[in-house]
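Student: 3D, please:
(one chain, ligands or ions: 1)
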Amino acid sequence: MSRPDDSAAAAHAHPLIIPIFIPQLGCPHQCVFCSQPAITDTPRRCPTPDQIRQEVSRFLKYGKRPSSTVQISFFGGNFLGLKPASIQRLLEVAAEFVQNGTVDSIRFSTRPDTVCEKRLELLAGFPVSTIELGVQSMEDQVLDLAERGHRAADTVAAAGRVKEKGYRLGLQMMVGLPGDSEEGAMETARRMAALAPDFVRIYPTLVLEGSPLADWFRSGRYRPMALDTCVTLVKRIYLFFKNRHIPVIRMGLQASDGLNAETGLVAGPYHPAFGHQVYAEIVLDAISAALKNMTGLPDTLVIAAHPRMISRVQGLKKENLSHLKQTFHLEKVSLVQDATLAKDHIRVADQRIVLP
Ligand code: SF4
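Tutor: Predicted structure coming up:
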């Protein structure tokens, strides 16, 4: 079977992804922040071919957007670290759905240090289109503290191999890792951008039950980032990638990732609408900058936005509106929908501003 042309996936910014979790399978050890069972609520067993068939069929039956690109995705472990026979078995089952035309391609995430020529050869003939690398950091001392067991140089080599073979390259980074800093995270972003990924994901470090980090947290050795600090840092990183035309396809774990916040989350900057908060802060910055440059602000400020942008303009619990009122001493901020505006345009008083 030949490699699928993934240009369709590129055209669809949001393919329908059918996740098949392989929690911590293929991992040489446990990284300090990791507790996949807390994230996925899935026991540490490789799914059987029948379980995969059932799961994929269930998604195909109930999934939204049947017209979009559909991908089966192996997540939550180290795909290329699995035994060759397991890799083959998983790919064979997923490929059945590509062969019968219900799925377009396969993607998976893996550790950078398992992306070697021999492992990539196992993919030959399967319809794999996208490989995501768990980069986490491009600073060796941060990788060491997180007990990742690989260096930044492994990521550079792996990214080169993935691109050379013609796969789409995704890179995942984390912020708030032990020993990391805001500038360290920006440096990771810069070095990731230099690898020309097709997309990135940004995850805050959470303290999860069952992870070594939970012990570190309880003994006082690790302090997670505060939610607001983390949102602001991820916003900086998002804008950094956006300015380089690198899509950020995920910011933060979402409710749909299956994190059991009641039992799985010990501490850390988790919010089910983390990405929304980042976008809301970007909008708030843009409006604030426009207001700072305006002379003679009205008592009632009218902001107009496309209906689909209203929630980002308001922010969570309308916090953006109250912030604007307080900061600029406004009597009232009134938000109106205007479907004629582009989604990245808003009107503030009479001024039209373009969101970054
Ligand atoms: S972070 Fe990734 S490589 Fe590390 S233990 Fe978890 S799944 Fe495995």
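Student: need the contact list for the closest residue to the ligand within the stretch 201-350 of the chain.
Tutor: Of all residues in the stretch 201-350 of the chain, residue 211 sits closest to the ligand, with a separation of 8.7 Å (Cβ to the nearest ligand atom). C-beta here means a position set from N, CA and C on the backbone, and glycine is covered the same way. Residue 211 makes contacts with 30, 32-35, 38, as judged by Cβ atoms under 8 Å, 6 or more residues apart in numbering.
Student: looking at those residues, spot the one nearest residue 137.
Tutor: Taking Cβ to Cβ as the measure, residue 137 lies nearest residue 33 of these, at 10.9 Å.
Student: of the contacts of residue 211, buried ones?
Tutor: Buried by 16 or more other Cβ atoms under 10 Å: 32-35, 38, out of the contacts of residue 211.
Student: filter those residues down to the ones near the ligand?
Tutor: residue 34 (Cβ under 6 Å from any ligand atom).
Student: tell me the one among the buried ones among the contacts of residue 211 nearest to the ligand.
Tutor: Checking these one by one against the ligand (Cβ to the nearest ligand atom), the nearest turns out to be residue 34, at 3.1 Å.
Student: what score does the residue lying closest to that closest one once chain neighbours are set aside have for pLDDT?
Tutor: Nearest in space to residue 34, with sequence neighbours left out and distances taken as Cβ to Cβ, 6 or more residues apart in numbering, is residue 211 at 5.7 Å. pLDDT recorded at residue 211 is 93.
Student: how close does residue 211 sit to residue 116?
Tutor: Here the criterion is Cβ to Cβ, to the nearest Å. By it, residue 211 lies 27 Å from residue 116.
Student: ok, back up a step: what's the spacing between the residue of the stretch 201-350 of the chain closest to the ligand and residue 35?
Tutor: When distance is defined by Cβ to Cβ, residue 211 is 4 Å away from residue 35.
Student: tell me, what's touching the two both at once?
Tutor: When contacts are counted by Cβ under 8 Å, 6+ apart, residue 211 and residue 35 have no shared neighbour.
Student: tell me if I'm right that residue 104 and residue 73 touch.
Tutor: No. In this structure, residue 104 is not within contact of residue 73 by Cβ atoms under 8 Å, at 11.7 Å.
Student: what touches both of those two?
Tutor: The contact sets of residue 104 and residue 73 do not overlap (Cβ under 8 Å, 6+ apart).
Student: of the contacts of residue 211, just say which sits nearest to residue 350.
Tutor: The closest of these, once distances to residue 350 are taken by Cβ to Cβ, is residue 33, at 48.3 Å.
Student: so is the closest one in a helix, a strand, or just coil?
Tutor: Local secondary structure at residue 33 is given as coil here, using DSSP: H, G, I helix; E, B strand; the rest coil.
Student: for it, which non-adjacent residue is spatially closest?
Tutor: Once chain neighbours are set aside, the closest to residue 33 by Cβ to Cβ, 6+ apart is residue 213, at 4.8 Å.
Student: pretty sure the one you found is touching residue 145, no?
Tutor: No. Under the contact definition of Cβ under 8 Å, residue 213 does not touch residue 145, with a separation of 10.3 Å.
Student: more neighbours: which of the two?
Tutor: Using other Cβ atoms under 10 Å, the more surrounded residue of residue 213 and residue 145 is residue 213, with 27 against 17.
Student: tell me what the helix or strand hosting the more buried one is packed against?
Tutor: For residue 213, the enclosing helix or strand under DSSP states H and E is helix 212-218. Counting contacts by 3 or more Cβ pairs under 8 Å, 6 or more residues apart in numbering; DSSP states H and E, helix 212-218 packs against strand 207-208, strand 265-267.
Student: any buried residues in the very next helix or strand once past that helix, and which?
Tutor: Scanning forward in sequence from helix 212-218 by DSSP H and E, the next helix or strand is helix 227-243. By neighbour count on 16+ other Cβ under 10 Å, the buried set for helix 227-243 is 227, 230-235, 237-238, 240-241.
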